[in-house]
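Novice: next come a sequence and a model predicted from it.
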Protein chains: 2
Amino acid sequence: MLNSRLNRIAFVVTLALGLCGEVRAQRRATWIWYPGDYEIWLSNQMQNRRTERGSFFPPFWRLDSHYALVDFHQDFDLKEAEQIELRAEGQYNVKLDGKLLTGAPEQLTVPAGKHRLNIKVYNQQHVPAVFVRGKTIGTDGSWLVTFEDKEWIDASGKVSDQSGTTWLTAGSWNFDDAQALPSAFQLRTEPRRATRVTRNADGSLLVDFGRETFGYVRLHGLQGQGPATLYFGESREEALSVEGCETLERLEINQPQKADKLTTLSKAFRYVNIRPEQGVTLDSVSMLYEYAPVTQRGRFRSSDAQLNKIWDVAAYTMDLTTREFFIDGIKRDRWVWSGDAYQSYLMNYYLYFDTPTVNRTTFALRGKDPVTSHVNTIMDYTFYWFIGIYDAYQYTGDKTVVQQLYPRMQSLMDYCLSRRNQDGYMEGLAGDWVFIDWADGLSKKGEVSFEQLLLCRSLESMALCANLVNDQAGARKYQQLAADLKAKIFATYWNAEKGALVHSRVNGQPTEHVTRYANMFSIFFGYLTPAQQQQVKQSVLLNSQVPKITTPYMRFYELEALCALGEQPYVLKEMKSYWGGMLELGATSFWEEYDPSKKGPEHLAMYGRPFGKSLCHAWGASPIYLLGKYYLGVKPLSAGYTTYEIVPSLGGLEWMEGTVPTPQGDITVRATARQLKVKGAAGTGVLRFTSKSKPSCKGTRIQAKGNGQYELPLAPGKEYVVSYQAAD
Amino acid sequence: MLNSRLNRIAFVVTLALGLCGEVRAQRRATWIWYPGDYEIWLSNQMQNRRTERGSFFPPFWRLDSHYALVDFHQDFDLKEAEQIELRAEGQYNVKLDGKLLTGAPEQLTVPAGKHRLNIKVYNQQHVPAVFVRGKTIGTDGSWLVTFEDKEWIDASGKVSDQSGTTWLTAGSWNFDDAQALPSAFQLRTEPRRATRVTRNADGSLLVDFGRETFGYVRLHGLQGQGPATLYFGESREEALSVEGCETLERLEINQPQKADKLTTLSKAFRYVNIRPEQGVTLDSVSMLYEYAPVTQRGRFRSSDAQLNKIWDVAAYTMDLTTREFFIDGIKRDRWVWSGDAYQSYLMNYYLYFDTPTVNRTTFALRGKDPVTSHVNTIMDYTFYWFIGIYDAYQYTGDKTVVQQLYPRMQSLMDYCLSRRNQDGYMEGLAGDWVFIDWADGLSKKGEVSFEQLLLCRSLESMALCANLVNDQAGARKYQQLAADLKAKIFATYWNAEKGALVHSRVNGQPTEHVTRYANMFSIFFGYLTPAQQQQVKQSVLLNSQVPKITTPYMRFYELEALCALGEQPYVLKEMKSYWGGMLELGATSFWEEYDPSKKGPEHLAMYGRPFGKSLCHAWGASPIYLLGKYYLGVKPLSAGYTTYEIVPSLGGLEWMEGTVPTPQGDITVRATARQLKVKGAAGTGVLRFTSKSKPSCKGTRIQAKGNGQYELPLAPGKEYVVSYQAAD
């Protein structure tokens, strides 16, 4: 008994030492994992939360999984011995200089000098992850990880000296504490009140939360025995349609004493129709609003109140659809769709500048090898995935994620290239969804020009990323493929008479049909000559004979193309009319589709279902991007905003002011027709503007570029106030 | 309240109907999953149970996982409506004719006529699996499964009509009841007593279980507080070596009242050295023997008692190493190694004929795409994997598993072919372990002839399997590659002067070095001319100047080669000397390595560790195979024993008798020098033998083949007794 007590005392002493060690530790540390693994695992959870009228409704594409067995290591050269704290999610072992330590230690001392620490973790259910912290040692993105260490021994016990193992740098997020287990991650919640509760004679309640929202419903003072069904509605009509609403939850109540109860699965709604069966009563209803921990750093205000409201509702739409990942819509699909996410990335750069959410979404979309289908099964969505990675680098300057992703970029591009037809074009093979847009009668036959254009841009992204990871041969290959394809696209699809790229090539012949898609992308991809640009603007973009776009998704690009051509005044009117149109119909978040010609409940229907349409869809929020990039006029000129430009364009507004977030701080812009006030926290900027008179800015020299064009170089941290006279 | 009670009554009635439905159901049903997924999942569990002195010791190769989201479907044409019971492991939904049913139904009625039932299951932790049973409907290997159904809809709700989805037939085992969840599988256990317990003055106990065994140790009447450590030993020396034993378990006891306690992890041992700290006492010790549910159908008895003992100990060695999978050894590595498993397959065909264990092991070894290393990282082990699949088809006739595996065979062969050097040979690249055998000083440099020979055989396997799945182009391709490689092997490695294949080619030149490996394989692969066979026999197999083999692993093939050359008398002596040698040293199961020249505890050491050697290794059990195939002389001539031969060879024994299992029943053989008695339950056999005098068999006609050779065709279910006179 004495012996055993001594042991327990020793244990307590060790713990105390451990705590002291923790206090002493100065090094920041974070939980790490194999790059992409946590993202894939978390997206599996997210994407399997969709239900349709109470039935589980998972994605129809392949879901991958984390590697169940992962080895982590780091080499150290310590001036003095260091005690470290060690945690792992999963069953694990620890090797110091290749020697296995006893058991699964939670603390150990690394001696002074050069040493290697390996931790190997097995976890089938959750992602293998480790957290190590000492005075100078700490897990972070510099640790190396692999899913196969290939370390065999021979019969004498000698370890193989040529392992051929591929190591990547570790993935991480913000789990910066030993107790903050990645597997336990949950979005945050906070209570919200209902704005209006209507009680009906039959005991049912219609609850209005005032605007589109997301989370759990809390029933207060619930009592009785029997079922209660909650019918959710993004619209009042949907909540009241017991037979037609898209989502519902049935609770079994067995509550002799009054108690509160939460619904089990977070859902999208503004209205909830709560129908307790006879014998079940409740006092009141509230909700737990569920949200991602992101901050709106971007801001926009102007002289136009409607435009401000549009920006606010767009930002709120982004708040709702920015969750564990950038998802499409909060009612449905609650999935990670590459085309939708690509727009969320761009909006994010002007709203949150939350790079971890971009990276998580990119990893989740890609999954793992082998490639057995396009991203989300959609050909165009594969291409957006490539393009998004280069955009991300341009905005964030995060080269590490490009290095982590590059092998998966290569294998996905191999898949694409292997699916070209004998003429070198991509066309839809069995299992390829050629999506483009939701548009009645849109042809997907043959070789669609839009898809070739996106492939061309993807190849350019590959070339740029190949350079970033020092794959020179790859860079040359992809650049050549892109150049060849671009030449071919114009040789095939450009119709000089129509002044446009035609929609497709069928049976080896270009069609006569013109749509907006390839034409608008060719503008902001910079693929057109100035003359072609003007032709396309007139013959396609401003031509009402060309089929109209009815989704905010493609309006995003249509308006971006017009902005790129300097049509801000026109685009401003379009924004006010289109997004303003939704607001006039009572929208509190922006929709998946909006066709102004529709009436009443027609606006709620889609996919052949009366309430099929999502009334809160990320791709509805594009004014965020357009106003930030083409009105405030801020964009990076080199990776991570080390250089950037500000080209303010009022587009008819009396004034506007706003903030654009960047990696190292914010850029603020205020503009009237007479004064420009700008400031960038970091990086080297340039302010470009036109002025009818000679502009001035105290203490600086404005460069005249001719034709009324001026440029002002911007140093970090300094505010510039320019007097000028805007062109009418 | 009334309403709610009515509902509950309805629920009870439904349950009752459900039970009736179950009683009425006539159809057998079994839990099904995506082929290979359960096997991979279960092997992850199995392979992560290795510990080394209390530390977790996982494999160093990649562990794959099941698909987390799987769709199962079946089409029916029902004469009458049918109620079915439905269970799934995971979150699931059910579609009838493409229409999603409400919730997650456990029962439903499929109407009369043609219908399709889809069940989609998500499970990250366990393998998505379903069980459906009705009168005529039941889940089985005819259901189709996929990990991506690619079923998208357009904006009108119309489902895509060109899905491009790949469907495979479902995997299953023996979970034939709705309650028998695959995730809950555990090996069986039964209590066993210790044969001898020695109590020491210091309170420790040395327990001897009489022979090598496996399972959990149960401490009876345990009382007190403090730790107790169990040191396991395959030998007495190992158990007594507190510092040197390979496995141990430390228990924390906190037991004011006497109680029994089991160890937590099953382990291999004959001896257990139990050392409770002061203050902890126990009354007695027993164990729970853990074993796989396989049955010894094969049998062998002869006039030689030592040989019978060898067969018994070999069979027991197989009993111990046949677990969830065929593993290498029960102390270590407890992993699934392809080279080891390949021999277990062959022994299995003469002992259990348990095809599910062969198939499980094959799937577990292969894992999933992409291929990033050789199977177990070992080049030769990749090749055994290919060869094992064709062998399995030959013995079992199971074509379904070939169809399920074929895509993974193709991608693994692509990997191999892509790693050939410029001269078309396989040599070890970084990360490739060229194993061959545990043998001091064995060269792995350059292009080893043995590896080319195995690649050649693998290509032949590919060609044969390609034919089975109707991939004619593949069959031609692989056949041609095999033929070209075989010609090249003999042009390069055959040294006419030495009468042997040389060991390797280094820097473009064949070496002069001769080893046994390639030479013995070339014999039973049938790659040698009769003249070459005789040369190899003399200059290699019976030549004591060629380095000796010290593992039962390669003795397996060495003795097989000699048997194939009709050297049964010689091989019998070798078996008695080599395996008999281990028995004389007290072996109760056969070892990983046995070098008769070693002494005492030297026999226990390996890998630079005093007790590193496994004393129960599957590859030690080869007499099972040799005696069944080359003495009883039974082997299939066409897939699944539809035709087979019996070529008894006494090899100097006075008599032998035995049973060889086949898919449709047993084949029994009894032989003396004067009488042969044979019977096959199914299939068409042929008995081949030599006789110095004219043989006879009542009621049948024996065919004389000349040179004293005779043949007797065997009909199923009939016993034949042949009088003859064996050659001396």
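Specialist: Nice, thanks for sending it over. Residues are numbered from 1 along each chain as shown, chains lettered A, B, ... in the order given.

Novice: check contacts around the closest residue to A:Arg53 other than its chain neighbours.
Specialist: Once flanking residues are discounted, A:Arg53 sits nearest to A:Leu248: 5.8 Å by Cβ to Cβ, 6 or more residues apart in numbering or on different chains. All C-beta atoms are positioned from the backbone trio N, CA, C, and that covers glycine. Taking Cβ atoms under 8 Å, 6 or more residues apart in numbering or on different chains, we find A:Leu248 in contact with A:53-54, A:229-232.

Novice: ok, A:Glu645 to chain B distance?
Specialist: Using Cβ to the nearest Cβ, to the nearest Å, A:Glu645 is found at 39 Å from chain B.

Novice: so that residue, which of the three states?
Specialist: Here A:Glu645 is recorded as strand under DSSP: H, G, I helix; E, B strand; the rest coil.

Novice: in the helix or strand harbouring A:Leu455, what's buried?
Specialist: Per DSSP states H and E: A:Leu455 is located in helix A:449-468. Residues A:449-468 are the ones in helix A:449-468 that count as buried (16 or more other Cβ atoms under 10 Å in any protein chain shown).

Novice: over to stretch A:48-59?
Specialist: Counting neighbours by 16+ other Cβ under 10 Å, one finds that the buried residues in stretch A:48-59 are A:48-52, A:54-59.

Novice: just how off-centre is that stretch within its chain?
Specialist: On the basis of Cα atoms, centre = their mean, to the nearest Å, stretch A:48-59 sits 22 Å off its chain's mean C-alpha point.

Novice: hey, C-alpha coordinates of it in PDB?
Specialist: The C-alpha trace of stretch A:48-59 is given here as PDB (Å, rounded to 0.1, in the frame of the first residue of the first chain):
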ATOM      1  CA  ASN A  48     -24.400  15.300 -44.600                       C
ATOM      2  CA  ARG A  49     -26.500  17.700 -42.600                       C
ATOM      3  CA  ARG A  50     -28.900  18.400 -45.500                       C
ATOM      4  CA  THR A  51     -32.400  17.000 -45.100                       C
ATOM      5  CA  GLU A  52     -35.400  17.100 -47.300                       C
ATOM      6  CA  ARG A  53     -38.700  16.900 -45.500                       C
ATOM      7  CA  GLY A  54     -37.100  14.900 -42.700                       C
ATOM      8  CA  SER A  55     -35.100  12.600 -44.900                       C
ATOM      9  CA  PHE A  56     -31.300  12.500 -45.000                       C
ATOM     10  CA  PHE A  57     -30.100  14.000 -48.300                       C
ATOM     11  CA  PRO A  58     -26.400  13.500 -48.900                       C
ATOM     12  CA  PRO A  59     -24.300  14.600 -51.900                       C
END
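
Novice: tell me which two in the buried residues of stretch A:48-59 are the farthest apart.
Specialist: A:Gly54 and A:Pro59 (18.3 Å; Cβ to Cβ).

Novice: do I have it right that A:Val197 meets A:Met287?
Specialist: No: counting by Cβ atoms under 8 Å, A:Val197 stays clear of A:Met287, with 11.9 Å between them.

Novice: looking at the two, which one has more neighbours?
Specialist: Taking other Cβ atoms under 10 Å in any protein chain shown, A:Val197 and A:Met287 do not tie; A:Met287 has more neighbours (25 against 15).

Novice: contact partners for the more buried one?
Specialist: A:191-192, A:194, A:209, A:213, A:215-218.

Novice: the helix or strand encompassing A:Lys677: partners in the sheet, and parallel or antiparallel?
Specialist: Taking DSSP H and E as the definition, A:Lys677 sits inside strand A:675-680. The pairing partners recorded for strand A:675-680 under DSSP bridges are strand A:665-672 (antiparallel), strand A:719-723 (antiparallel).

Novice: and the stretch 301-450 of chain A, which residues reach chain B?
Specialist: Residues of the stretch 301-450 of chain A lying close to chain B (Cβ under 8 Å from any Cβ of the partner chain) are A:369-370, A:372-373, A:377-378, A:411, A:429-433, A:438-440.

Novice: which of the residues you listed count as buried?
Specialist: Looks like these have A:369, A:372-373, A:377-378, A:431-433, A:438-439 buried, using 16+ other Cβ under 10 Å.

Novice: tell me the one of the residues you listed nearest chain B?
Specialist: Of all those, A:Gly431 has the smallest distance to chain B: 2.0 Å, by Cβ to the nearest Cβ.

Novice: was I right about the closest one contacting A:Thr377?
Specialist: Yes: A:Gly431 is within contact range of A:Thr377, at 6.9 Å (criterion: Cβ under 8 Å).

Novice: intersection of neighbour lists for these two?
Specialist: Common neighbours of A:Gly431 and A:Thr377 (Cβ under 8 Å, 6+ apart) are B:Lys150.
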